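Colleague: sequence and computational prediction follow.
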Amino acid sequence: MGAANKVPGVSGGVVAFVAGFYEEFIHSLQKFNLKSFKLLLNARFRSFFQYINAKFLAILILGMVFSYFSVSKLLDYFIQHYELYVWSTFFGMIVGSIYYIGKDFRIRSLRTIVFIGLGIVAGLSISFLKPATENDHLLFVFFCGIISVSGMTLPGLSGSFILILLGNYVLLLVDSVNALYDTIADVVKLDFSFTDNPKRMRLLQVLGSFTAGSLFGLITLSHLLNYVLKYYKKITFSIIIGFITGSLGVVWPWKEKIFKTNELGDVIKDTNGDPILDNYVRFWPSLTDGSTWIAFFFIIVGILIVLSLAWYGKQRKIR
(Lines give C-alpha, C1' and ligand atoms only; values in the text may rest on other atoms or scores of the structure.)
Protein backbone atom coordinates (compact mmCIF):
# COMPACT_ATOMS: atom_id res chain seq x y z
CA MET A 1 0.00 0.00 0.00
CA GLY A 2 2.89 2.37 0.77
CA ALA A 3 4.58 1.56 -2.53
CA ALA A 4 1.32 2.15 -4.38
CA ASN A 5 0.90 5.54 -2.69
CA LYS A 6 4.30 6.65 -3.96
CA VAL A 7 3.65 5.70 -7.58
CA PRO A 8 1.88 8.42 -9.62
CA GLY A 9 -1.46 7.17 -10.89
CA VAL A 10 -1.79 4.26 -8.46
CA SER A 11 -3.94 4.55 -5.34
CA GLY A 12 -3.02 2.81 -2.09
CA GLY A 13 -6.71 2.83 -1.29
CA VAL A 14 -7.29 0.46 -4.22
CA VAL A 15 -4.87 -2.01 -2.61
CA ALA A 16 -6.78 -1.77 0.67
CA PHE A 17 -10.09 -2.11 -1.17
CA VAL A 18 -9.10 -5.20 -3.13
CA ALA A 19 -7.33 -6.84 -0.17
CA GLY A 20 -10.51 -6.49 1.86
CA PHE A 21 -9.38 -4.22 4.68
CA TYR A 22 -10.47 -0.82 3.34
CA GLU A 23 -13.48 -0.39 5.63
CA GLU A 24 -11.51 -1.62 8.67
CA PHE A 25 -8.82 0.94 7.80
CA ILE A 26 -11.35 3.80 7.61
CA HIS A 27 -13.17 2.70 10.78
CA SER A 28 -9.86 2.42 12.67
CA LEU A 29 -8.79 5.93 11.66
CA GLN A 30 -12.10 7.48 12.68
CA LYS A 31 -11.53 6.11 16.20
CA PHE A 32 -9.13 9.01 16.72
CA ASN A 33 -11.78 11.15 18.37
CA LEU A 34 -12.65 12.76 21.70
CA LYS A 35 -13.19 9.40 23.39
CA SER A 36 -9.72 8.11 22.43
CA PHE A 37 -8.20 11.43 23.53
CA LYS A 38 -9.84 11.07 26.98
CA LEU A 39 -8.56 7.49 27.30
CA LEU A 40 -5.05 8.72 26.52
CA LEU A 41 -5.26 11.62 29.00
CA ASN A 42 -6.45 9.24 31.73
CA ALA A 43 -3.47 6.94 31.03
CA ARG A 44 -5.79 4.06 30.09
CA PHE A 45 -3.33 2.90 27.47
CA ARG A 46 -4.64 -0.66 27.06
CA SER A 47 -8.18 0.60 26.44
CA PHE A 48 -6.80 3.29 24.11
CA PHE A 49 -4.87 0.79 21.97
CA GLN A 50 -7.85 -1.58 21.80
CA TYR A 51 -10.24 1.25 20.91
CA ILE A 52 -8.17 2.58 17.99
CA ASN A 53 -7.32 -0.95 16.70
CA ALA A 54 -3.63 -0.14 17.28
CA LYS A 55 -2.24 -3.54 16.24
CA PHE A 56 -3.81 -3.31 12.79
CA LEU A 57 -2.73 0.31 12.27
CA ALA A 58 0.81 -0.32 13.55
CA ILE A 59 1.38 -3.24 11.16
CA LEU A 60 -0.05 -1.24 8.26
CA ILE A 61 2.01 1.90 9.00
CA LEU A 62 5.23 -0.08 9.55
CA GLY A 63 4.72 -1.84 6.23
CA MET A 64 4.17 1.48 4.48
CA VAL A 65 7.25 3.07 6.06
CA PHE A 66 9.33 0.02 5.10
CA SER A 67 8.09 0.23 1.51
CA TYR A 68 9.05 3.91 1.24
CA PHE A 69 12.68 3.05 1.92
CA SER A 70 12.85 -0.30 0.11
CA VAL A 71 10.11 -1.33 -2.33
CA SER A 72 9.63 2.21 -3.58
CA LYS A 73 13.35 2.51 -4.37
CA LEU A 74 13.04 -0.67 -6.44
CA LEU A 75 10.04 0.84 -8.22
CA ASP A 76 12.02 4.02 -8.87
CA TYR A 77 14.70 1.92 -10.56
CA PHE A 78 12.23 0.06 -12.77
CA ILE A 79 10.39 3.25 -13.72
CA GLN A 80 13.71 4.76 -14.77
CA HIS A 81 14.83 1.77 -16.88
CA TYR A 82 11.61 -0.06 -17.87
CA GLU A 83 8.99 2.67 -17.72
CA LEU A 84 6.63 1.25 -20.38
CA TYR A 85 6.41 -2.13 -18.67
CA VAL A 86 5.95 -0.62 -15.20
CA TRP A 87 3.06 1.58 -16.38
CA SER A 88 1.61 -1.42 -18.22
CA THR A 89 1.62 -3.42 -14.99
CA PHE A 90 -0.05 -0.57 -13.12
CA PHE A 91 -2.62 -0.23 -15.92
CA GLY A 92 -3.41 -3.92 -15.59
CA MET A 93 -3.67 -3.61 -11.80
CA ILE A 94 -6.26 -0.85 -12.13
CA VAL A 95 -8.21 -2.86 -14.74
CA GLY A 96 -8.16 -5.81 -12.32
CA SER A 97 -9.32 -3.52 -9.51
CA ILE A 98 -12.25 -2.25 -11.59
CA TYR A 99 -13.28 -5.83 -12.34
CA TYR A 100 -12.96 -6.94 -8.71
CA ILE A 101 -14.82 -3.97 -7.23
CA GLY A 102 -17.51 -3.98 -9.91
CA LYS A 103 -18.16 -7.73 -10.30
CA ASP A 104 -20.75 -7.83 -7.50
CA PHE A 105 -21.98 -4.29 -8.05
CA ARG A 106 -25.49 -4.07 -9.46
CA ILE A 107 -26.60 -1.02 -11.43
CA ARG A 108 -30.29 -0.71 -10.59
CA SER A 109 -31.03 2.96 -11.09
CA LEU A 110 -30.27 5.95 -13.28
CA ARG A 111 -28.79 7.68 -10.22
CA THR A 112 -26.11 4.98 -9.95
CA ILE A 113 -25.16 5.47 -13.62
CA VAL A 114 -24.98 9.24 -13.10
CA PHE A 115 -22.61 8.92 -10.13
CA ILE A 116 -20.42 6.42 -11.99
CA GLY A 117 -20.30 8.91 -14.88
CA LEU A 118 -19.37 11.76 -12.52
CA GLY A 119 -16.56 9.64 -11.09
CA ILE A 120 -15.23 8.87 -14.59
CA VAL A 121 -15.33 12.55 -15.58
CA ALA A 122 -13.52 13.57 -12.37
CA GLY A 123 -10.84 10.90 -12.87
CA LEU A 124 -10.26 11.84 -16.51
CA SER A 125 -10.21 15.57 -15.67
CA ILE A 126 -7.45 15.07 -13.12
CA SER A 127 -5.56 12.84 -15.59
CA PHE A 128 -5.19 15.64 -18.13
CA LEU A 129 -4.39 18.60 -15.87
CA LYS A 130 -1.00 20.32 -16.27
CA PRO A 131 1.49 20.21 -13.34
CA ALA A 132 2.23 23.41 -11.38
CA THR A 133 5.65 24.65 -10.22
CA GLU A 134 7.38 23.61 -6.98
CA ASN A 135 6.42 25.48 -3.79
CA ASP A 136 8.08 24.83 -0.39
CA HIS A 137 5.99 27.24 1.71
CA LEU A 138 5.17 25.28 4.88
CA LEU A 139 1.44 26.05 4.82
CA PHE A 140 1.19 24.92 1.21
CA VAL A 141 3.23 21.82 2.10
CA PHE A 142 0.77 21.12 4.96
CA PHE A 143 -2.06 21.33 2.42
CA CYS A 144 -0.12 18.94 0.16
CA GLY A 145 0.05 16.51 3.08
CA ILE A 146 -3.73 16.57 3.41
CA ILE A 147 -4.11 16.00 -0.33
CA SER A 148 -1.46 13.25 -0.51
CA VAL A 149 -3.29 10.89 1.86
CA SER A 150 -6.37 11.06 -0.34
CA GLY A 151 -4.96 8.10 -2.26
CA MET A 152 -5.04 6.04 0.94
CA THR A 153 -8.59 6.97 1.91
CA LEU A 154 -10.15 7.37 -1.55
CA PRO A 155 -9.61 4.35 -3.84
CA GLY A 156 -8.80 5.48 -7.37
CA LEU A 157 -7.47 8.91 -6.41
CA SER A 158 -3.66 8.90 -6.61
CA GLY A 159 -2.24 11.24 -3.98
CA SER A 160 1.22 11.14 -5.59
CA PHE A 161 -0.24 12.16 -8.96
CA ILE A 162 -2.03 15.07 -7.26
CA LEU A 163 1.37 16.09 -5.85
CA ILE A 164 2.74 16.12 -9.40
CA LEU A 165 -0.10 18.43 -10.42
CA LEU A 166 0.69 20.66 -7.42
CA GLY A 167 4.37 20.67 -8.47
CA ASN A 168 5.69 19.16 -5.23
CA TYR A 169 6.13 15.45 -5.99
CA VAL A 170 9.95 15.57 -6.19
CA LEU A 171 10.24 17.91 -3.20
CA LEU A 172 8.02 15.86 -0.88
CA LEU A 173 8.38 12.24 -1.97
CA VAL A 174 11.99 12.27 -3.18
CA ASP A 175 14.09 15.15 -1.82
CA SER A 176 12.63 15.35 1.69
CA VAL A 177 12.49 11.55 2.11
CA ASN A 178 16.12 11.28 0.99
CA ALA A 179 17.01 14.08 3.43
CA LEU A 180 15.43 12.12 6.27
CA TYR A 181 17.24 8.94 5.18
CA ASP A 182 20.59 10.79 5.08
CA THR A 183 19.88 12.41 8.46
CA ILE A 184 19.11 9.07 10.11
CA ALA A 185 22.33 7.65 8.63
CA ASP A 186 24.30 10.65 10.01
CA VAL A 187 22.75 10.33 13.48
CA VAL A 188 23.60 6.62 13.60
CA LYS A 189 27.23 7.61 12.89
CA LEU A 190 26.94 10.35 15.58
CA ASP A 191 27.56 12.94 12.88
CA PHE A 192 25.46 16.06 13.59
CA SER A 193 27.10 18.33 11.03
CA PHE A 194 23.84 18.32 9.04
CA THR A 195 22.51 20.93 11.50
CA ASP A 196 24.77 23.44 9.74
CA ASN A 197 23.35 22.51 6.34
CA PRO A 198 20.50 24.98 5.63
CA LYS A 199 19.19 22.97 2.66
CA ARG A 200 18.97 19.76 4.72
CA MET A 201 17.30 21.53 7.64
CA ARG A 202 14.80 23.18 5.30
CA LEU A 203 13.93 19.82 3.76
CA LEU A 204 13.40 18.35 7.24
CA GLN A 205 11.08 21.26 8.08
CA VAL A 206 9.20 20.62 4.85
CA LEU A 207 8.94 16.92 5.69
CA GLY A 208 7.65 17.75 9.19
CA SER A 209 4.94 20.02 7.79
CA PHE A 210 4.05 17.44 5.15
CA THR A 211 3.79 14.67 7.77
CA ALA A 212 1.58 16.84 10.02
CA GLY A 213 -0.71 17.58 7.08
CA SER A 214 -0.86 13.90 6.19
CA LEU A 215 -1.88 12.88 9.73
CA PHE A 216 -4.47 15.66 9.87
CA GLY A 217 -5.83 14.61 6.48
CA LEU A 218 -5.99 10.93 7.43
CA ILE A 219 -8.06 11.58 10.54
CA THR A 220 -10.40 14.20 9.05
CA LEU A 221 -10.99 12.36 5.77
CA SER A 222 -11.59 9.07 7.60
CA HIS A 223 -14.38 10.66 9.65
CA LEU A 224 -15.98 12.05 6.50
CA LEU A 225 -15.66 8.73 4.65
CA ASN A 226 -16.98 6.75 7.61
CA TYR A 227 -20.11 8.92 7.49
CA VAL A 228 -20.67 8.59 3.74
CA LEU A 229 -19.96 4.82 3.78
CA LYS A 230 -22.55 4.46 6.53
CA TYR A 231 -25.33 6.52 4.94
CA TYR A 232 -24.42 6.68 1.22
CA LYS A 233 -22.57 3.44 0.54
CA LYS A 234 -24.12 2.77 -2.88
CA ILE A 235 -23.38 6.30 -4.11
CA THR A 236 -19.84 6.18 -2.68
CA PHE A 237 -19.09 2.88 -4.42
CA SER A 238 -20.53 4.23 -7.68
CA ILE A 239 -18.20 7.25 -7.56
CA ILE A 240 -15.21 5.07 -6.58
CA ILE A 241 -15.80 2.70 -9.52
CA GLY A 242 -16.12 5.65 -11.88
CA PHE A 243 -13.08 7.41 -10.46
CA ILE A 244 -10.89 4.31 -10.75
CA THR A 245 -12.04 3.89 -14.36
CA GLY A 246 -11.24 7.52 -15.10
CA SER A 247 -7.80 7.19 -13.52
CA LEU A 248 -6.79 4.78 -16.30
CA GLY A 249 -5.87 7.91 -18.23
CA VAL A 250 -3.17 8.68 -15.64
CA VAL A 251 -1.40 5.33 -16.04
CA TRP A 252 -1.89 4.86 -19.80
CA PRO A 253 1.42 3.16 -20.67
CA TRP A 254 1.98 4.73 -24.09
CA LYS A 255 2.80 8.35 -23.46
CA GLU A 256 5.63 10.79 -24.07
CA LYS A 257 6.85 13.21 -21.42
CA ILE A 258 6.82 16.91 -22.26
CA PHE A 259 9.22 18.94 -20.11
CA LYS A 260 9.02 22.63 -19.20
CA THR A 261 11.18 24.96 -21.27
CA ASN A 262 12.21 28.61 -21.06
CA GLU A 263 11.89 31.32 -23.72
CA LEU A 264 15.02 30.00 -25.46
CA GLY A 265 13.62 26.49 -25.69
CA ASP A 266 16.01 25.06 -23.08
CA VAL A 267 14.62 22.44 -20.68
CA ILE A 268 14.10 23.79 -17.15
CA LYS A 269 15.58 21.61 -14.40
CA ASP A 270 14.90 21.33 -10.66
CA THR A 271 17.45 21.66 -7.85
CA ASN A 272 18.62 18.08 -8.46
CA GLY A 273 19.31 18.75 -12.13
CA ASP A 274 16.30 16.71 -13.27
CA PRO A 275 14.02 18.11 -16.01
CA ILE A 276 10.66 19.42 -14.73
CA LEU A 277 7.63 17.61 -16.15
CA ASP A 278 5.08 19.80 -17.93
CA ASN A 279 2.61 17.27 -19.33
CA TYR A 280 2.15 13.97 -21.19
CA VAL A 281 1.26 13.29 -24.81
CA ARG A 282 -0.61 9.99 -25.03
CA PHE A 283 -0.69 7.87 -28.18
CA TRP A 284 -1.92 4.49 -29.43
CA PRO A 285 0.66 1.69 -29.47
CA SER A 286 2.01 0.20 -32.67
CA LEU A 287 1.11 -3.49 -33.00
CA THR A 288 4.23 -4.06 -35.13
CA ASP A 289 6.49 -3.06 -32.24
CA GLY A 290 7.69 -5.98 -30.11
CA SER A 291 7.68 -3.83 -26.95
CA THR A 292 3.93 -3.35 -27.37
CA TRP A 293 3.29 -7.08 -27.02
CA ILE A 294 5.58 -7.25 -24.01
CA ALA A 295 3.58 -4.37 -22.52
CA PHE A 296 0.35 -6.32 -23.18
CA PHE A 297 1.88 -9.24 -21.29
CA PHE A 298 2.62 -6.99 -18.29
CA ILE A 299 -0.96 -5.65 -18.38
CA ILE A 300 -2.11 -9.25 -17.94
CA VAL A 301 0.45 -9.67 -15.14
CA GLY A 302 -0.99 -6.58 -13.41
CA ILE A 303 -4.53 -7.97 -13.65
CA LEU A 304 -3.38 -11.32 -12.21
CA ILE A 305 -1.57 -9.56 -9.34
CA VAL A 306 -4.77 -7.85 -8.23
CA LEU A 307 -6.92 -10.96 -8.66
CA SER A 308 -4.34 -12.99 -6.70
CA LEU A 309 -4.40 -10.37 -3.95
CA ALA A 310 -8.19 -10.49 -3.94
CA TRP A 311 -8.13 -14.31 -3.78
CA TYR A 312 -5.70 -14.18 -0.85
CA GLY A 313 -7.94 -11.69 0.97
CA LYS A 314 -10.95 -13.96 0.42
CA GLN A 315 -9.09 -17.05 1.68
CA ARG A 316 -7.96 -15.08 4.75
CA LYS A 317 -11.59 -14.21 5.56
CA ILE A 318 -12.63 -17.86 5.16
CA ARG A 319 -9.98 -18.96 7.68
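Modeller: Perfect, thanks for sending it. Numbers count the residues shown, from 1 in each chain.
Colleague: my read: residue 143 touches residue 214, true?
Modeller: No. Applying Cβ atoms under 8 Å as the test, residue 143 and residue 214 come out as separate, 10.8 Å apart. For glycine as for every other residue, the C-beta is placed from the backbone atoms N, C-alpha and C.
Colleague: what residues sit buried inside stretch 95-111?
Modeller: By neighbour count on 16 or more other Cβ atoms under 10 Å, the buried set for stretch 95-111 is 95, 96, 97, 98, 100, 101, 102.
Colleague: from those, pick the one nearest residue 308.
Modeller: residue 96 (9.2 Å; Cβ to Cβ).
Colleague: show me the shaky parts of the stretch 151-300 of the chain.
Modeller: Scanning the stretch 151-300 of the chain for pLDDT under 70 picks out the ranges 151, 155-158, 270-274, 276-279.
Colleague: quick revisit: export the buried residues of stretch 95-111 to TSV and tack on secondary structure and distance to residue 280?
Modeller: Formatted as TSV, the buried residues of stretch 95-111 follow (DSSP: H, G, I helix; E, B strand; the rest coil; distance: Cβ to Cβ, whole Å):
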residue	secondary structure	distance to residue 280
95	helix	19
96	helix	23
97	helix	21
98	helix	21
100	helix	27
101	helix	26
102	helix	26
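Colleague: can you put those residues in a markdown table and add pLDDT?
Modeller: Compiled in a markdown table, these are given as follows (pLDDT from 0 to 100):
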| residue | pLDDT |
| --- | --- |
| 95 | 85 |
| 96 | 82 |
| 97 | 75 |
| 98 | 79 |
| 100 | 74 |
| 101 | 71 |
| 102 | 73 |
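Colleague: which one of those sits closest to residue 265?
Modeller: Minimum distance to residue 265 across the buried residues of stretch 95-111 is 38.4 Å, recorded for residue 95 (Cβ to Cβ).
Colleague: residue contacts, that closest one?
Modeller: Neighbour list for residue 95: 248, 299, 302, 303 [criterion: Cβ atoms under 8 Å, 6 or more residues apart in numbering].
Colleague: in this structure residue 86 contacts residue 74, no?
Modeller: No. In this structure residue 86 lies outside contact range of residue 74 using Cβ under 8 Å: 10.6 Å.
Colleague: the two - which one has more neighbours?
Modeller: Ranked by neighbour count (other Cβ atoms under 10 Å), residue 86 and residue 74 place residue 86 first, with 22 against 11.
Colleague: could you check how far that one is from residue 124?
Modeller: Using Cβ to Cβ, to the nearest Å, residue 86 is found at 22 Å from residue 124.
Colleague: residue 217: neighbouring residues, count only.
Modeller: Residue 217: 22 neighbours (other Cβ under 10 Å).
Colleague: what residues are up against it?
Modeller: Neighbours of residue 217 in contact, by Cβ under 8 Å, 6+ apart: 145, 146, 147, 148, 149, 150, 153.
Colleague: in space, what's closest to the last one - neighbours in sequence excluded?
Modeller: Read it as residue 153. Sequence neighbours aside, residue 221 is the residue nearest to residue 153 in space, at 4.5 Å (criterion: Cβ to Cβ, 6 or more residues apart in numbering).
Colleague: the strands in the stretch 201-319 of the chain, which residues?
Modeller: 255-259, 277-282 (DSSP state E, counting those that start in this stretch).
Colleague: need the winner for burial among the ones you listed.
Modeller: strand 277-282 (a mean of 14; mean count of other Cβ atoms under 10 Å).
Colleague: quick one: contacts of the helix or strand harbouring residue 145?
Modeller: Using DSSP states H and E, the element containing residue 145 is helix 138-148. Here helix 138-148 makes contact (Cβ under 8 Å, 6+ apart) with 5, 135, 159-160, 162-163, 166, 168, 172, 205-206, 209-217, 220-221.
Colleague: buried set for it?
Modeller: Using 16+ other Cβ under 10 Å as the test for burial, helix 138-148 gives 140, 141, 142, 143, 144, 145, 146, 147, 148.
Colleague: tell me the secondary structure at the residue lying closest to residue 78 once chain neighbours are set aside.
Modeller: Nearest residue to residue 78, sequence neighbours excluded (Cβ to Cβ, 6+ apart): residue 86, at 5.0 Å. Reducing the assignment at residue 86 to three states with DSSP: H, G, I helix; E, B strand; the rest coil gives helix.
Colleague: now residue 86: how far from residue 212?
Modeller: 31 Å.
Colleague: now do residue 190
Modeller: According to Cβ to Cβ, residue 190 and residue 212 sit 28 Å apart.
Colleague: check residue 105 and give its pLDDT.
Modeller: Here the pLDDT value assigned to residue 105 is 70.
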